[in-house]
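**Q** For reference, the sequence and a predicted model appear below.
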Amino acid sequence: MTSWQQTRQIAHSKFSARLLEAIAIGLVLLAASAMVAKNYQPHAEIQLLNVSYDPTRELYRELNPRFLDRYEKETGQQVVVRQSHGGSSRQARAVIDGEQSADVVTLGLRSDVEGLHKRGLVHDGWGSRLPNNSQPYYSTIVFVVRRGNPFGIHDWPDLVRLPSLEIITPDPKSSGNGKLAALAAWGAIVSRGGSEAEARVFLKALYDHTSFLEAGARGAATAFAVEKLGDVHLTWENEALREVAESKGDLELVYPKVSILAEPVVAWVDANVVKHKTEVPARAYLEFLFTDTAQEIIARNGYRPYKPEILK
């Protein structure tokens, strides 16, 4: 081999080594860039799960888009809110058991959120973290009857006056509506001078007039308004207003002379928002419920907003 050929071979070997080195560096940089691109999402979508009680479907269907638009304008972040509905106490149990990994709960009873607190899912002092003791709205228990009120139902004693009358109400073990209806019935006796023994007798008579108990408020509403079972439905005021409005005159609303003040409450679930890294949007979501915009939507959906000027 001539000296010229040797020189050319050495040069070629050096060039090949540099080329391979450059290719290797390029592949490393390309892989690093791909990893950065995968991890960098400038406006990553945030998901919140709102575990709510049974008849709030229509309410949050209207509230959620208003919150999402507001939050994106204020923060530049996109949020998706998923909903879960069922009997309030059953929903609380699903969160406790880990079946529902709720970021926020909007439940019908304070005792249901206290159940989460006792198990360490919600922090101490949760009720004071939001305005009005974390109660964005109120409600009460009323009656819905068939057109013309054929059984003449005007107050609680009328529910047990006739043996043939059938009552539709949810199960107190799983439903906030069911618990509140039972408590309202009890209160209707003791608030008028009756004894606790008389209240127990009245409750037994009331449940003797129920042939079945649905797990939640919406199931009971469907049984009464759609399947046309029963003669009177004991339900949330907002649910009654919806039923009557959709019945085209077939149903009527009756306010008993005494009833119970229903106080639904809301909270973010501390254990879950830490895990999901969603505490900031979860808190903003619940704070939104106390704004004038949300309070007006709440009122239009048959709930009693906590702000007196909007309640008017």
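**A** Thanks, I have the structure now.

**Q** how many other residues sit next to the closest residue to E166 other than its chain neighbours?
**A** Nearest residue to E166 in three dimensions, chain neighbours excluded: G230, at 4.5 Å (Cβ to Cβ, 6 or more residues apart in numbering). Yep, even glycine has a C-beta here, placed from its N, CA and C like the rest. Neighbour count for G230, taken as other Cβ atoms under 10 Å: 23.

**Q** Please verify my assumption that G230 contacts A221.
**A** No - checked against Cβ atoms under 8 Å, the pair G230 and A221 is beyond contact range at 10.9 Å.

**Q** what's the distance between the longest strand along the chain and the middle of its chain?
**A** If you go by DSSP state E, the chain has its longest strand at strand 137-146. Strand 137-146 sits 19 Å away from the centroid of its parent chain (Cα atoms, centre = their mean, to the nearest Å).

**Q** what do you get for stretch 115-126?
**A** Offset of stretch 115-126 from its chain centre (Cα atoms, centre = their mean): 17 Å.

**Q** If you count neighbours, what's buried in that stretch?
**A** By 16 or more other Cβ atoms under 10 Å, the buried positions in stretch 115-126 come out as 115-117, 121-122, 126.

**Q** Among those residues, which one lies nearest to F151?
**A** For the buried residues of stretch 115-126, the closest approach to F151 (Cβ to Cβ) belongs to G115, at 37.2 Å.

**Q** export whatever helix or strand that closest one lives in as CSV, just CAs?
**A** Using DSSP states H and E, the element containing G115 is helix 110-118. The C-alpha trace of helix 110-118 is given here as CSV (Å, rounded to 0.1, in the frame of the first residue of the first chain):
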residue,chain,number,x,y,z
ARG,A,110,-73.6,17.7,56.8
SER,A,111,-73.4,14.4,58.6
ASP,A,112,-72.3,12.8,55.3
VAL,A,113,-69.3,15.1,55.0
GLU,A,114,-68.6,14.6,58.7
GLY,A,115,-68.3,10.9,57.9
LEU,A,116,-65.5,11.8,55.5
HIS,A,117,-63.9,14.0,58.2
LYS,A,118,-63.9,11.3,60.8
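
**Q** what's in contact with it?
**A** With contacts defined as Cβ atoms under 8 Å, 6 or more residues apart in numbering, helix 110-118 is touched by 88-89, 91-93, 95-96, 105, 107, 122-124, 126-127, 134, 176, 263, 265, 267, 269.

**Q** pLDDT wise, what is the nearest residue to S191 once chain neighbours are set aside at?
**A** In this structure, S191 finds its nearest non-sequential neighbour in V258, 5.7 Å apart by Cβ to Cβ, 6+ apart. On the pLDDT scale, V258 is placed at 96.

**Q** So for the spatially most central residue of the chain, what pLDDT did the model give?
**A** Centroid check for the chain by Cα atoms, centre = their mean gives S52 as the closest residue, at 1.9 Å. If you check S52, the pLDDT there is 98.

**Q** so it makes contact with Q91?
**A** Yes - with contact defined as Cβ under 8 Å, S52 counts as touching Q91 (7.1 Å).

**Q** what residues do the two have in common as contacts?
**A** Contact with both S52 and Q91 is made by residues 84-85, 105, 107, according to Cβ under 8 Å, 6+ apart.
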